[in-house]
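Novice: attaching a predicted model along with its sequence, questions to come.
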Amino acid sequence: MTKYKVTLTAEERAGLEQLVTVGKAAARKLTHARILLLADTAGEERTDQEIADALGTSLPTISRVRHRFVTAGIAAAVSPRPQPPRPDKVKIKGDVEQELIRVACSDPPQGRCRWTLCLLADELVALGRVAAVSRETVRQALKKTRSGPGSSRPGASRRRPTPSSSGGWRT
């Protein structure tokens, strides 16, 4: 594993010390700044293990910050990398959600007394509405609707608006 040497200029060191002293930044940014300050070869030479023990970070984090400082500069080393784009979080929406509710309200398959989340997920795949879907995604989609079990049964407590306690003036 290649160890990258961190050598800060006077301006870079002053900027990092100012950032750490003020402390008005994201925790990860402050930690990366402290790593660079401790890893600077201009001061006393510290090992990665000593830096990790002093800051409570891991050795790979220190290695990544060193590498990013040497290859991309101080701005890239201090600021956290943006998170990778995530696929659309809501897989079941619109027509697929309506189909799910229609299937959930229909009679269960032969030999079953009710629909389970796994059966509903499998049914959506069998109908060709989605390529693949987990039971957790089906659960979250049903949770947003009012079609959950117990929502219309007698005895299920639903929130009702409470009348105002102040009432109207009586004369």
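Specialist: Received it, and whenever you're ready, just let me know what you need.
Novice: all contacts plus neighbour counts: C-alpha atoms, from now on.
Specialist: Noted.
Novice: domain-wise, how is the chain divided?
Specialist: For the chain, automatic domain parsing gives the domain ranges 10-78, 95-143.
Novice: so how far is the first one off the chain centroid?
Specialist: Its chain's average C-alpha position is 25 Å from that of domain 10-78, according to Cα atoms, centre = their mean, to the nearest Å.
Novice: looking at this protein, which helix or strand is least sure?
Specialist: The weakest-scoring helix or strand in the chain, judged by mean pLDDT, DSSP states H and E, is helix 135-144 (a mean of 89).
Novice: hmm, back to that, of all the domains of the chain, which one is nearest Y4?
Specialist: Smallest distance to Y4 across those (Cα to Cα): 5.7 Å, for domain 10-78.
Novice: what lies in contact with the least confident helix or strand of the chain?
Specialist: By Cα atoms under 8 Å, 6 or more residues apart in numbering, the residues outside helix 135-144 that reach it are 91-93, 97, 101, 117-118, 120-121, 148.
Novice: for T47, give me its contacts.
Specialist: Per Cα under 8 Å, 6+ apart, neighbours of T47: A39.
Novice: any idea how far it lies from Q83?
Specialist: Per Cα to Cα, to the nearest Å, T47 is found 29 Å from Q83.
Novice: one more: T41?
Specialist: The gap separating T41 from Q83 is 30 Å, by Cα to Cα.
Novice: and these two? Which one has more around it.
Specialist: More crowded of T41 and Q83, by other Cα atoms under 10 Å: T41, with 14 against 6.
Novice: what sits closest to that one if chain neighbours are left out?
Specialist: Nearest residue to T41, sequence neighbours excluded (Cα to Cα, 6 or more residues apart in numbering): T7, at 5.4 Å.
Novice: for S134, same thing?
Specialist: Nearest residue to S134 in three dimensions, chain neighbours excluded: A121, at 6.3 Å (Cα to Cα, 6+ apart).
Novice: ok, residues contacting the helix or strand where that neighbour lies?
Specialist: Using DSSP states H and E, A121 sits in helix 117-126. Contact partners of helix 117-126, identified using Cα under 8 Å, 6+ apart, comprise 99-100, 103-104, 130-136, 138-139.
Novice: would you point out the most distant pair within those residues?
Specialist: A104 and A131 (18.7 Å).
Novice: ok, those two, which is more surrounded?
Specialist: Per other Cα under 10 Å, whichever of A104 and A131 has more neighbours is A104, with 20 against 9.
Novice: who's in contact with the more buried one?
Specialist: Counting by Cα under 8 Å, 6+ apart, A104 touches 115, 120.
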